[in-house]
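**Student:** below are the sequence and a predicted model for it; my questions follow.
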Amino acid sequence: MSRIAFLGAGTMGSAMVPHLLGAGHEVTVYNRTLERARPLEALGARLAATPAEAVADAEVTMSIVLDDRASRAVWAGEGGALGAARPGTLAIECSTVSNGWVLELAGLAGTNGLRFVDCAVAGRPDAAVAADLRMFAGGDIGDVEEARAIMACFGRRFTRFGPVGSGNAYKLIYNTVGTIQVVALIEGMYACEAAGIDLGAAADAFSVGQTGSGHVKRHSRYVASGIHENPIQFSGRNRLKDVTYGIEFIHKVGAQSKMGEACAGVLRQMIDVGMGDLNDSELIDALRRIHGRRVNPNTRERTRR
(Lines give C-alpha, C1' and ligand atoms only; values in the text may rest on other atoms or scores of the structure.)
Protein backbone atom coordinates (compact mmCIF):
# COMPACT_ATOMS: atom_id res chain seq x y z
CA MET A 1 0.00 0.00 0.00
CA SER A 2 1.11 3.58 -0.62
CA ARG A 3 1.49 6.75 1.41
CA ILE A 4 -0.69 9.24 -0.46
CA ALA A 5 -1.04 13.00 -0.14
CA PHE A 6 -4.45 14.13 -1.37
CA LEU A 7 -4.86 17.82 -2.15
CA GLY A 8 -8.46 19.01 -2.20
CA ALA A 9 -11.35 17.78 -0.07
CA GLY A 10 -14.18 19.44 -1.93
CA THR A 11 -17.24 17.60 -3.16
CA MET A 12 -15.23 15.28 -5.41
CA GLY A 13 -12.18 14.83 -3.20
CA SER A 14 -14.23 14.04 -0.11
CA ALA A 15 -15.96 11.28 -2.10
CA MET A 16 -12.69 9.83 -3.44
CA VAL A 17 -10.53 9.71 -0.31
CA PRO A 18 -12.68 7.07 1.46
CA HIS A 19 -12.00 4.67 -1.42
CA LEU A 20 -8.24 5.14 -0.99
CA LEU A 21 -8.56 4.50 2.73
CA GLY A 22 -10.72 1.46 2.04
CA ALA A 23 -8.02 0.09 -0.25
CA GLY A 24 -5.55 0.26 2.62
CA HIS A 25 -3.54 3.34 1.66
CA GLU A 26 -2.26 5.82 4.22
CA VAL A 27 -3.78 9.16 3.21
CA THR A 28 -2.88 12.68 4.30
CA VAL A 29 -5.38 15.31 3.19
CA TYR A 30 -4.92 19.02 2.61
CA ASN A 31 -7.88 21.30 2.03
CA ARG A 32 -7.92 25.08 1.99
CA THR A 33 -10.78 25.00 4.51
CA LEU A 34 -9.49 22.48 7.02
CA GLU A 35 -12.80 21.98 8.81
CA ARG A 36 -14.37 20.65 5.63
CA ALA A 37 -11.92 17.74 5.75
CA ARG A 38 -12.75 16.72 9.34
CA PRO A 39 -15.11 13.91 8.27
CA LEU A 40 -12.18 12.32 6.40
CA GLU A 41 -10.07 12.49 9.56
CA ALA A 42 -12.79 10.52 11.32
CA LEU A 43 -12.42 7.84 8.63
CA GLY A 44 -8.68 7.51 9.23
CA ALA A 45 -7.06 10.20 7.08
CA ARG A 46 -4.47 12.53 8.55
CA LEU A 47 -5.00 16.25 7.98
CA ALA A 48 -2.27 18.68 6.99
CA ALA A 49 -2.21 22.45 7.32
CA THR A 50 -0.40 23.01 4.01
CA PRO A 51 0.24 21.08 0.80
CA ALA A 52 3.93 20.98 1.73
CA GLU A 53 3.12 19.29 5.02
CA ALA A 54 0.83 16.82 3.27
CA VAL A 55 3.49 15.64 0.80
CA ALA A 56 6.46 15.52 3.17
CA ASP A 57 6.40 11.72 3.49
CA ALA A 58 4.23 10.83 0.50
CA GLU A 59 5.06 8.36 -2.26
CA VAL A 60 2.13 9.61 -4.36
CA THR A 61 0.50 13.04 -4.46
CA MET A 62 -2.94 13.56 -6.01
CA SER A 63 -4.89 16.75 -6.54
CA ILE A 64 -8.49 17.46 -7.44
CA VAL A 65 -9.43 21.11 -7.15
CA LEU A 66 -11.67 23.56 -8.99
CA ASP A 67 -9.58 25.30 -11.65
CA ASP A 68 -6.16 26.53 -12.79
CA ARG A 69 -5.87 29.05 -9.98
CA ALA A 70 -6.58 26.48 -7.28
CA SER A 71 -4.28 23.89 -8.86
CA ARG A 72 -1.42 26.39 -9.18
CA ALA A 73 -1.88 27.32 -5.53
CA VAL A 74 -1.65 23.77 -4.14
CA TRP A 75 1.24 22.73 -6.36
CA ALA A 76 3.33 25.85 -6.88
CA GLY A 77 2.03 28.48 -4.44
CA GLU A 78 3.39 29.40 -1.04
CA GLY A 79 3.68 26.19 0.96
CA GLY A 80 2.95 24.25 -2.23
CA ALA A 81 3.55 20.59 -2.89
CA LEU A 82 6.24 20.84 -5.57
CA GLY A 83 8.91 22.32 -3.35
CA ALA A 84 8.39 19.81 -0.53
CA ALA A 85 7.74 16.51 -2.31
CA ARG A 86 10.51 13.95 -2.31
CA PRO A 87 12.28 13.23 -5.62
CA GLY A 88 10.66 10.31 -7.39
CA THR A 89 7.19 11.03 -6.00
CA LEU A 90 4.40 10.25 -8.45
CA ALA A 91 2.36 13.44 -8.93
CA ILE A 92 -1.17 12.96 -10.34
CA GLU A 93 -3.34 15.92 -11.35
CA CYS A 94 -6.98 14.80 -11.45
CA SER A 95 -8.54 18.26 -11.75
CA THR A 96 -10.22 19.56 -14.89
CA VAL A 97 -7.81 22.38 -15.66
CA SER A 98 -6.49 23.99 -18.82
CA ASN A 99 -4.12 22.04 -21.04
CA GLY A 100 -1.59 24.86 -20.90
CA TRP A 101 -1.41 24.63 -17.11
CA VAL A 102 -1.14 20.82 -17.17
CA LEU A 103 1.89 21.03 -19.46
CA GLU A 104 3.44 23.78 -17.34
CA LEU A 105 2.79 21.75 -14.19
CA ALA A 106 4.38 18.69 -15.76
CA GLY A 107 7.49 20.75 -16.49
CA LEU A 108 7.63 22.10 -12.95
CA ALA A 109 7.19 18.60 -11.55
CA GLY A 110 10.06 17.33 -13.67
CA THR A 111 12.30 20.18 -12.58
CA ASN A 112 11.63 19.16 -8.98
CA GLY A 113 12.45 15.51 -9.69
CA LEU A 114 8.88 14.25 -9.65
CA ARG A 115 7.13 11.88 -12.04
CA PHE A 116 3.93 13.33 -13.47
CA VAL A 117 0.66 11.91 -14.77
CA ASP A 118 -2.37 13.93 -15.79
CA CYS A 119 -5.45 11.86 -15.04
CA ALA A 120 -8.64 13.88 -15.15
CA VAL A 121 -11.67 12.07 -13.79
CA ALA A 122 -15.15 12.15 -15.30
CA GLY A 123 -18.31 11.72 -13.31
CA ARG A 124 -20.27 13.66 -10.75
CA PRO A 125 -19.84 13.33 -6.98
CA ASP A 126 -22.48 10.57 -6.88
CA ALA A 127 -20.34 8.58 -9.33
CA ALA A 128 -17.29 9.18 -7.11
CA VAL A 129 -19.19 7.85 -4.09
CA ALA A 130 -20.22 4.78 -6.11
CA ALA A 131 -16.65 4.20 -7.40
CA ASP A 132 -17.92 4.65 -10.94
CA LEU A 133 -15.59 7.37 -12.23
CA ARG A 134 -13.97 7.32 -15.66
CA MET A 135 -10.27 8.20 -15.74
CA PHE A 136 -8.38 9.74 -18.67
CA ALA A 137 -4.61 9.57 -18.29
CA GLY A 138 -1.54 10.94 -20.02
CA GLY A 139 2.08 10.18 -19.16
CA ASP A 140 4.87 7.64 -19.43
CA ILE A 141 3.51 4.11 -19.61
CA GLY A 142 5.15 2.94 -16.37
CA ASP A 143 3.95 5.97 -14.43
CA VAL A 144 0.44 5.63 -15.82
CA GLU A 145 0.30 1.96 -14.87
CA GLU A 146 1.32 2.88 -11.32
CA ALA A 147 -1.43 5.50 -11.27
CA ARG A 148 -3.91 2.98 -12.67
CA ALA A 149 -3.21 0.54 -9.84
CA ILE A 150 -3.79 3.22 -7.20
CA MET A 151 -6.87 4.72 -8.88
CA ALA A 152 -8.57 1.38 -9.53
CA CYS A 153 -10.59 1.98 -6.36
CA PHE A 154 -12.36 4.92 -8.08
CA GLY A 155 -13.73 2.88 -10.98
CA ARG A 156 -12.76 0.34 -13.61
CA ARG A 157 -12.81 2.57 -16.70
CA PHE A 158 -9.24 3.87 -17.00
CA THR A 159 -7.72 4.87 -20.35
CA ARG A 160 -4.23 6.08 -21.24
CA PHE A 161 -4.44 8.44 -24.22
CA GLY A 162 -0.72 8.98 -24.75
CA PRO A 163 2.02 11.22 -23.35
CA VAL A 164 1.64 13.87 -20.66
CA GLY A 165 -1.20 16.24 -21.47
CA SER A 166 -3.21 13.83 -23.59
CA GLY A 167 -5.56 12.67 -20.85
CA ASN A 168 -6.38 16.27 -20.02
CA ALA A 169 -6.79 17.06 -23.73
CA TYR A 170 -9.34 14.29 -24.14
CA LYS A 171 -11.20 15.33 -20.96
CA LEU A 172 -11.55 18.91 -22.23
CA ILE A 173 -12.96 17.70 -25.56
CA TYR A 174 -15.18 15.18 -23.74
CA ASN A 175 -16.60 17.87 -21.46
CA THR A 176 -17.20 20.17 -24.41
CA VAL A 177 -19.25 17.47 -26.13
CA GLY A 178 -21.14 16.83 -22.90
CA THR A 179 -21.92 20.53 -22.46
CA ILE A 180 -23.30 20.71 -26.00
CA GLN A 181 -25.64 17.80 -25.21
CA VAL A 182 -26.83 19.35 -21.95
CA VAL A 183 -27.45 22.83 -23.33
CA ALA A 184 -29.09 21.56 -26.52
CA LEU A 185 -31.39 19.29 -24.50
CA ILE A 186 -32.46 22.06 -22.13
CA GLU A 187 -33.07 24.52 -24.96
CA GLY A 188 -35.12 21.79 -26.65
CA MET A 189 -37.13 21.14 -23.50
CA TYR A 190 -37.78 24.86 -23.15
CA ALA A 191 -38.96 24.97 -26.79
CA CYS A 192 -41.30 22.05 -26.06
CA GLU A 193 -42.75 23.91 -23.10
CA ALA A 194 -43.22 27.05 -25.21
CA ALA A 195 -45.05 24.92 -27.79
CA GLY A 196 -47.39 23.48 -25.17
CA ILE A 197 -45.84 20.00 -25.21
CA ASP A 198 -45.95 18.09 -21.94
CA LEU A 199 -42.42 17.99 -20.51
CA GLY A 200 -42.82 14.49 -19.10
CA ALA A 201 -43.72 13.15 -22.53
CA ALA A 202 -40.87 15.13 -24.09
CA ALA A 203 -38.37 13.73 -21.57
CA ASP A 204 -39.50 10.18 -22.28
CA ALA A 205 -39.20 10.68 -26.03
CA PHE A 206 -35.81 12.45 -25.89
CA SER A 207 -34.45 9.65 -23.69
CA VAL A 208 -34.93 6.90 -26.28
CA GLY A 209 -33.63 6.48 -29.81
CA GLN A 210 -30.72 8.43 -31.20
CA THR A 211 -31.09 11.37 -28.80
CA GLY A 212 -30.98 9.25 -25.65
CA SER A 213 -27.48 9.87 -24.27
CA GLY A 214 -26.72 9.65 -20.57
CA HIS A 215 -26.75 13.43 -20.32
CA VAL A 216 -30.14 13.61 -22.02
CA LYS A 217 -31.68 10.92 -19.82
CA ARG A 218 -30.43 12.53 -16.61
CA HIS A 219 -31.19 16.16 -17.38
CA SER A 220 -34.54 15.62 -19.08
CA ARG A 221 -35.86 13.97 -15.91
CA TYR A 222 -34.79 16.91 -13.78
CA VAL A 223 -36.27 19.44 -16.19
CA ALA A 224 -39.57 17.59 -16.51
CA SER A 225 -40.02 17.10 -12.77
CA GLY A 226 -38.61 20.43 -11.62
CA ILE A 227 -36.73 18.47 -8.95
CA HIS A 228 -32.98 19.10 -9.18
CA GLU A 229 -30.01 17.61 -7.37
CA ASN A 230 -29.36 18.50 -3.75
CA PRO A 231 -26.62 19.02 -2.84
CA ILE A 232 -25.66 20.63 -6.12
CA GLN A 233 -23.62 18.22 -8.24
CA PHE A 234 -22.39 20.36 -11.15
CA SER A 235 -23.17 24.06 -11.35
CA GLY A 236 -23.72 26.11 -14.46
CA ARG A 237 -20.65 28.18 -13.54
CA ASN A 238 -18.43 25.11 -13.32
CA ARG A 239 -19.77 23.78 -16.61
CA LEU A 240 -18.92 27.13 -18.23
CA LYS A 241 -15.41 26.89 -16.77
CA ASP A 242 -14.90 23.44 -18.26
CA VAL A 243 -16.23 24.32 -21.70
CA THR A 244 -14.14 27.51 -21.75
CA TYR A 245 -10.98 25.46 -21.14
CA GLY A 246 -12.19 23.04 -23.81
CA ILE A 247 -12.75 25.73 -26.43
CA GLU A 248 -9.35 27.23 -25.65
CA PHE A 249 -7.65 23.87 -26.20
CA ILE A 250 -9.61 23.04 -29.34
CA HIS A 251 -8.59 26.36 -30.87
CA LYS A 252 -4.97 25.78 -29.81
CA VAL A 253 -4.77 22.61 -31.91
CA GLY A 254 -6.32 24.32 -34.94
CA ALA A 255 -9.79 22.82 -34.71
CA GLN A 256 -13.12 24.58 -34.20
CA SER A 257 -15.88 24.44 -31.64
CA LYS A 258 -18.69 26.63 -32.91
CA MET A 259 -21.19 24.58 -30.94
CA GLY A 260 -19.11 24.87 -27.80
CA GLU A 261 -18.89 28.63 -28.22
CA ALA A 262 -22.66 28.89 -28.61
CA CYS A 263 -23.23 26.79 -25.48
CA ALA A 264 -20.81 28.95 -23.52
CA GLY A 265 -22.96 31.91 -24.48
CA VAL A 266 -26.09 30.22 -23.16
CA LEU A 267 -24.36 29.37 -19.86
CA ARG A 268 -23.28 32.99 -19.53
CA GLN A 269 -26.97 33.90 -19.74
CA MET A 270 -27.56 31.66 -16.73
CA ILE A 271 -24.83 33.44 -14.80
CA ASP A 272 -26.05 36.88 -15.90
CA VAL A 273 -29.45 36.28 -14.27
CA GLY A 274 -27.82 35.21 -11.01
CA MET A 275 -28.33 31.45 -11.34
CA GLY A 276 -24.82 30.31 -12.20
CA ASP A 277 -24.20 28.57 -8.89
CA LEU A 278 -27.25 26.32 -9.25
CA ASN A 279 -27.27 22.91 -10.93
CA ASP A 280 -26.65 23.02 -14.66
CA SER A 281 -30.09 21.41 -15.13
CA GLU A 282 -31.61 24.58 -13.66
CA LEU A 283 -30.66 26.37 -16.85
CA ILE A 284 -34.31 25.71 -17.76
CA ASP A 285 -35.41 28.19 -15.08
CA ALA A 286 -32.88 30.74 -16.27
CA LEU A 287 -34.37 30.52 -19.77
CA ARG A 288 -37.87 30.96 -18.33
CA ARG A 289 -36.70 34.04 -16.45
CA ILE A 290 -34.91 35.49 -19.48
CA HIS A 291 -37.94 35.03 -21.75
CA GLY A 292 -40.53 36.11 -19.19
CA ARG A 293 -42.33 32.78 -19.02
CA ARG A 294 -43.88 31.41 -15.86
CA VAL A 295 -42.61 28.13 -14.51
CA ASN A 296 -44.53 25.16 -15.83
CA PRO A 297 -47.33 24.55 -13.29
CA ASN A 298 -46.45 20.85 -13.23
CA THR A 299 -42.95 21.61 -11.92
CA ARG A 300 -41.53 23.11 -8.78
CA GLU A 301 -38.93 25.79 -9.45
CA ARG A 302 -35.52 25.09 -7.91
CA THR A 303 -36.76 22.22 -5.76
CA ARG A 304 -33.95 19.72 -5.34
CA ARG A 305 -33.96 16.06 -4.49
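**Tutor:** Yes, it's here. Values in this document were obtained by computation on a predicted structure and should not be read as measured data.

**Student:** okay, now Pro231: neighbour count?
**Tutor:** Neighbourhood size, Pro231 [other C-beta atoms under 10 Å]: 8. Backbone N, C-alpha and C define where each C-beta goes, glycine included.

**Student:** surely it meets Thr11?
**Tutor:** Yes: in this structure Pro231 lies within contact range of Thr11 using C-beta atoms under 8 Å: 7.3 Å.

**Student:** sec struct for Gly254, please.
**Tutor:** Here Gly254 is recorded as coil under DSSP: H, G, I helix; E, B strand; the rest coil.

**Student:** how many neighbours does it have?
**Tutor:** Per other C-beta under 10 Å, the neighbour tally for Gly254 reads 6.

**Student:** quick one: pLDDT of it?
**Tutor:** pLDDT, Gly254: 98.

**Student:** same check, this time on Tyr222
**Tutor:** Looking at Tyr222, the pLDDT reads 97.

**Student:** which element is it on?
**Tutor:** Assigned by DSSP states H and E, Tyr222 falls within helix 214-225.

**Student:** for that helix, which positions count as buried?
**Tutor:** Under the neighbour-count criterion of 16 or more other C-beta atoms under 10 Å, helix 214-225 has His215, Val216, Lys217, Arg218, His219, Ser220, Arg221, Tyr222, Val223, Ala224, Ser225 buried.

**Student:** hmm, Met12 and Met62 touching each other?
**Tutor:** No: judged on C-beta under 8 Å, Met62 makes no contact with Met12 at a distance of 11.2 Å.

**Student:** run the chain-centre distance for the helix holding Tyr222.
**Tutor:** Taking C-alpha atoms, centre = their mean, to the nearest Å, the mean C-alpha location of helix 214-225 is offset from the chain mean by 19 Å.

**Student:** and the longest helix for the protein?
**Tutor:** Assignment by DSSP state H gives helix 166-194 as the longest helix of the chain.

**Student:** immediately after that helix, which helix or strand?
**Tutor:** Past helix 166-194, the next helix or strand by DSSP H and E is helix 199-206.

**Student:** list the buried ones in that next one?
**Tutor:** Buried residues in helix 199-206 (16+ other C-beta under 10 Å): Leu199, Ala202, Ala203, Phe206.

**Student:** that helix: how far from the chain's middle?
**Tutor:** 28 Å.

**Student:** from Gly178, how far out is the residue nearest to Thr179 when sequence neighbours are not counted?
**Tutor:** Nearest non-adjacent residue to Thr179, counting by C-beta to C-beta, 6 or more residues apart in numbering: Val243, 4.4 Å away. According to C-beta to C-beta, to the nearest Å, Val243 and Gly178 sit 9 Å apart.

**Student:** and those two? Which one has more around it.
**Tutor:** Val243 (27 against 21).

**Student:** OK, contacts around the more buried one?
**Tutor:** Val243 makes contact with Asn175, Thr176, Thr179, Gly260, Cys263, Ala264, Leu267, according to C-beta atoms under 8 Å, 6 or more residues apart in numbering.

**Student:** one step back: output the contacting helices and strands for the helix holding Tyr222.
**Tutor:** Applying 3 or more C-beta pairs under 8 Å, 6 or more residues apart in numbering; DSSP states H and E, one finds that helix 214-225 makes contact with helix 166-194, helix 199-206.

**Student:** check those for me and report the most buried one.
**Tutor:** Highest mean neighbour count among the helices and strands packed on helix 214-225 (mean count of other C-beta atoms under 10 Å): helix 166-194, with a mean of 21.
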